[in-house]
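# Sequence below, structure please.
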Amino acid sequence: MAISRDPIGGMLAAGAVVVVPFPYSDRLAEKRRPAVVVSGPAVAETGFVWIAMITSANNPAMRGDQAIDDLAAAGLDAPSVVRPVKLACIEPARILKRIGTLPPVVAGAVFDAIHDRIGPGRPA
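Predicted coordinates:
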């Protein structure tokens, strides 16, 4: 997995579960919530981190949601999903703390879901 520096002093890998003030998409507000790091060194070198929202599994499902099957490893208390369509670009200083890591199979499914939604591929 890709590595970037975290503001807490350790190494922060893609797949790390963190707590951040995640921006709402429909208004100028934020909510403190878990998110998963989905960026690697190329983004970290620019001073940013890409994250995907983690939300309760009780919320209405969206296409591409990835269930988190190992809540303890992810540092979560309640059944949750990663929502690959809800991404944010933040500065590492916005990360409040690291709480866990997604299992490799779930992290891979999240990265695949994001890749599938980026676009149709390169123009001819």
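
# Count the neighbours of Arg33 for me.
Arg33: 15 surrounding residues under other Cβ atoms under 10 Å. Every residue, glycine included, has its C-beta placed from N, CA and C.

# what's the answer for Ala72, then?
Ala72, neighbours per other Cβ under 10 Å, totals 8.

# What separation do you get for it and Pro120?
According to Cβ to Cβ, to the nearest Å, Ala72 stands 38 Å off from Pro120.

# Which strand or helix spans the most centrally placed residue in the chain?
The residue lying closest to the centre of the chain (Cα atoms, centre = their mean) is Val36, at 2.4 Å. Applying DSSP states H and E as the criterion places Val36 in strand 30-37.

# got it, and Ser25?
Going by DSSP H and E, Ser25 is not in any helix or strand.

# Does the top strand by length along the chain pack against any helices or strands, and if so which?
Ranked by residue count under DSSP state E, the longest strand found in the chain is strand 80-90. Judged by 3 or more Cβ pairs under 8 Å, 6 or more residues apart in numbering; DSSP states H and E, strand 80-90 is in contact with strand 16-23, strand 30-37, strand 49-56, strand 66-67, helix 104-118.

# what comes up buried for the longest one?
Along helix 104-118, these residues count as buried under the neighbour rule (16 or more other Cβ atoms under 10 Å): 106-107, 109-111, 113-114.
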